[in-house]
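In: Here is the input, now give the coordinates:
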Amino acid sequence: MTPEELSSAIVGVLTALSDEGALSLPDGVPATVTVERPRQREHGDYATNVALQLGKKAGMNPRELATAVRDRLSAVEGIAGVDIAGPGFLNITVDADAQGVIAERIVAAGESYGSSEEFAGQKINLEFVSANPTGPIHIGGVRWAAVGDALGRIFTMTGAEVTREYYFNDHGAQIDRFSRSLLASAKGEPAPEDGYGGQYIHEIAAAIVARRPDVTSQADDEAQEVFRAEGVEMMFNEIKSSLHDFGVDFDVYFHEDDLHRSGAVERAVARLTELGNTYEKDGAVWLATEKFGDDKDRVIIKSDGQGAYLSGDLAYYLDKRERGFDRCLIMLGADHHGYVGRMMAMCAAFGDEPGTNLELLIGQMVNLLRDGEPLRMSKRAGTVVTIDDLVGAIGNDAARYALARFSSDSNIDLDLELWAKADRANPVYYVQYVAARTASILRNAADLGIEEVPDPGLLSTPFEGDLLRALADFPAVVAAAAQLREPHRVARYLEDTAGAFHRFYDECRVLPRGDEETTDLHRARLVLVHATRVVFANGLGLLGVSAPERM
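Out: Got it, this is the predicted structure:
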């Protein structure tokens, strides 16, 4: 019996009490109730505080309601007992057979275990990384690569149709600074005061000169245009290659320059004007965002007729909605925190619902430590730590797991020595070791000719029960990670469940020793090991991390 099934059984009891007139709830019986694993084993397999939540609404003492629920719930098949604790908590114990069958179900579900229809029918545009093509991806962008890709996988597993999108910033002042920096390097001059430095600038400039030897003899404005076009293409190809090697690919690479060339900005402004949300002042066109919660109105077309910075965002958001996306979710760095108000006001100005049609996630800083000291810059980029620096230090799996393991709204310090270790102190090693150990057990069983044979009632020790309940929680963890946009929940769940597996393995003999006869208990425990392998492979897969068969 899974937590979801137990929740359904409790809802069924509440519905029966309501139909009989023994329970009156103004808002009706809830569709689901919260069922959790208690921290202390003596409090049963599962617990719920539903009587405390509904007692006041029903005009009943919580213990009175708990008693009514207990009397009905105790008769449900698969439930061994229900106790009332404190002011009205219900502690529930399930039959060994009902609990043990979870392992068999997990094995049967395989790669689909943990999936749901939570977001079925929803089209989600997930925009992340979107680093400017003016340098290698720095560590903040790498964090969004890991978190964004994991979130995309989680949304897909919960039924959504997900499009991963990269907004290619190839328009504006930063591109001009980049091209001027390349030109200066080619001419042997120092980088402009507002330009870009680092070895990569010299590498790209030299590559362009090798490809176009005539460029240095052209007038500066003509040469700069060559460096702009060639340099942006080279840098963006490098960014895409680094991300691909990191296991992150995008469905759409959207060019900002296309918005300005296609008339999309003008169409967006016209739409907002039709809705009565623009006005002219001082020769400029303004968007009336203050009435939608922004701290002030915003210029969208400057007095010289050029689009202001926000104009591209207007056109891009409208383009996404016209492509049929229900939700537009954008991941931004910590320096964009002040951006949220105006973007949400823009969404409302289009007649959409902020927080539903448009969501912004803000990620915080990542600090890398080596020998206890901050790692401040890359040898190649000169000013920042890049994706290649991180992967080169600890590898793809550790990098992806480490960056997805923490809530994205918190700063993190990553100790490179810790994440490179091959021992249990390293969280990704600790989790991957379970994947490898379960695969090894299954291989050894196959070599011995021992088959997996489900016999749920035999998995009756506390250690088996703890592991079964942990495995049963996986679908709920995935659903919560999707609902809350928090992939780190999957990582922390895997670490907790790894502990449950190690305790089970230390206390419960899975394979016979020496000449020991193979029993039904060995075969049943093999099913539990197989179920554990499935959950860890699926969970690590959601994080874009491998589930090795050997370590």
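In: Could you check what's spatially nearest to L403, not counting adjacent residues?
Out: The spatially closest residue to L403, leaving aside those adjacent along the chain, is A146, at 3.8 Å (C-beta to C-beta, 6 or more residues apart in numbering). To be clear about C-beta, it is placed using only N, CA and C from the backbone, and glycine gets the same treatment.
In: can you list contacts of stretch 55-64?
Out: For stretch 55-64, contacts defined as C-beta atoms under 8 Å, 6 or more residues apart in numbering pick out 23-27, 51-52, 65, 84, 87-88.
In: The same query, at a cut-off of 7 Å, please.
Out: Contacts to stretch 55-64, defined as C-beta atoms under 7 Å, 6 or more residues apart in numbering, come from residues 23-26, 51-52, 65, 84, 87-88.
In: about what we covered before: report whether the residue nearest to L403 is found in a strand, as I expect.
Out: No - using DSSP: H, G, I helix; E, B strand; the rest coil, the assignment for A146 is helix, not a strand.
In: what's it in contact with, if anything?
Out: Counting by C-beta under 7 Å, 6+ apart, A146 has contacts 400, 403-404.
In: Can you give me the pLDDT of it?
Out: At A146, the predicted lDDT confidence score is 97.
In: now swap in M346 and tell me
Out: 97.
In: next one: E452
Out: The model's pLDDT for E452 equals 96.
In: ok, now the one 10 residues further on?
Out: In the predicted model, P462 carries a pLDDT score of 93.
In: What sits closest to it if chain neighbours are left out?
Out: Of all residues not flanking P462 in the chain, R41 sits nearest, at 6.1 Å (C-beta to C-beta, 6+ apart).
In: ok, how many other residues are close to that neighbour?
Out: Residues near R41, counting by other C-beta atoms under 10 Å, number 11.
In: Just confirm it contacts G465, I think it does.
Out: No - counting by C-beta atoms under 7 Å, R41 stays clear of G465, with 8.2 Å between them.
In: about what we covered before: possible to save the contacts of A146 as JSON lines with pLDDT, neighbour count and secondary structure?
Out: Listed next are the contacts of A146 as JSON lines, based on pLDDT from 0 to 100; neighbours: other C-beta atoms under 10 Å; DSSP: H, G, I helix; E, B strand; the rest coil:
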{"residue": "R400", "pLDDT": "97", "neighbour count": "28", "secondary structure": "helix"}
{"residue": "L403", "pLDDT": "97", "neighbour count": "26", "secondary structure": "helix"}
{"residue": "A404", "pLDDT": "97", "neighbour count": "25", "secondary structure": "helix"}
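In: Switch those residues over to TSV; also include distance to A160.
Out: Formatted as TSV, those follow (distance: C-beta to C-beta, whole Å):
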residue	distance to A160
R400	21
L403	22
A404	18
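In: Could you report the neighbour count for D83?
Out: 15.
In: got the phi/psi numbers for it?
Out: phi -120, psi 150 (degrees, to the nearest 10).
In: Can you give me every residue that contacts it?
Out: By C-beta under 7 Å, 6+ apart, the contact set of D83 is 44, 91.
In: Narrow the contacts of stretch 55-64 to those in helices?
Out: Within those, residues falling in helices by DSSP state H are 51-52, 65.
In: wait, V545 sits on L403?
Out: No - using C-beta under 7 Å, V545 makes no contact with L403, being 10.7 Å away.
In: Among the ones in helices among the contacts of stretch 55-64, find me the one that's closest to N169.
Out: Among the ones in helices among the contacts of stretch 55-64, L52 lies closest to N169 (C-beta to C-beta), at 51.6 Å.
In: for the stretch 201-350 of the chain, what spans make up the helices?
Out: For the stretch 201-350 of the chain, the helices defined by DSSP state H, counting those that start in this stretch occupy 220-245, 256-262, 264-274, 309-322, 340-349.
In: Need those helices in TSV (columns: mean neighbour count and distance to V107).
Out: Below are these laid out as TSV (neighbours: other C-beta atoms under 10 Å; distance: least, C-beta to C-beta, whole Å):
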stretch	mean neighbour count	distance to V107
helix 220-245	17	33
helix 256-262	17	48
helix 264-274	17	51
helix 309-322	20	40
helix 340-349	21	45
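In: T532: which of those helices is closest?
Out: Closest to T532 of the helices of the stretch 201-350 of the chain is helix 220-245 (C-beta to C-beta; 30.2 Å).
In: So which other helices or strands are in contact with that closest one?
Out: With contacts defined as 3 or more C-beta pairs under 7 Å, 6 or more residues apart in numbering; DSSP states H and E, helix 220-245 has these neighbours: helix 173-186, helix 199-211.
In: any weak-confidence spans in the protein?
Out: With pLDDT under 70 as the threshold, the chain has low-confidence stretches at 171-172, 377-383.
In: cutoff 80 now
Out: 170-173, 335, 375-384 (pLDDT under 80).
In: Now the most centrally placed residue in it: which helix or strand?
Out: In the chain, the C-alpha nearest the mean C-alpha coordinate belongs to L151, at 2.8 Å (C-alpha atoms, centre = their mean). Element membership for L151, per DSSP states H and E: helix 139-157.
In: next helix or strand past that helix?
Out: Next along from helix 139-157, by DSSP H and E: strand 161-168.
In: any idea how far that following strand is from the chain center?
Out: Offset of strand 161-168 from its chain centre (C-alpha atoms, centre = their mean, to the nearest Å): 14 Å.
In: Which residue ranges of the chain form strands?
Out: For the chain, the strands defined by DSSP state E occupy 46-48, 79-85, 89-94, 123-127, 161-168, 252-255, 278-281, 284-287, 298-301, 327-332, 358-362, 366-370, 373-374, 412-415.
In: Just send those strands back as a markdown table, with distance to V527 too.
Out: As requested, those are arranged in a markdown table below (distance: least, C-beta to C-beta, whole Å):
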| stretch | distance to V527 |
| --- | --- |
| strand 46-48 | 22 |
| strand 79-85 | 21 |
| strand 89-94 | 18 |
| strand 123-127 | 36 |
| strand 161-168 | 33 |
| strand 252-255 | 43 |
| strand 278-281 | 64 |
| strand 284-287 | 60 |
| strand 298-301 | 60 |
| strand 327-332 | 39 |
| strand 358-362 | 39 |
| strand 366-370 | 41 |
| strand 373-374 | 48 |
| strand 412-415 | 38 |
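In: And these: which comes nearest L314?
Out: strand 298-301 (6.4 Å).
In: Using CSV, write out every CA atom in that closest one.
Out: Once non-C-alpha atoms are left out, strand 298-301 reads as follows in CSV (Å, rounded to 0.1, in the frame of the first residue of the first chain):
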residue,chain,number,x,y,z
ARG,A,298,8.6,51.7,-18.0
VAL,A,299,9.8,53.2,-21.3
ILE,A,300,9.5,50.7,-24.1
ILE,A,301,10.2,52.9,-27.2
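In: If anything else comes up later, I'll come back, but that's it for now.
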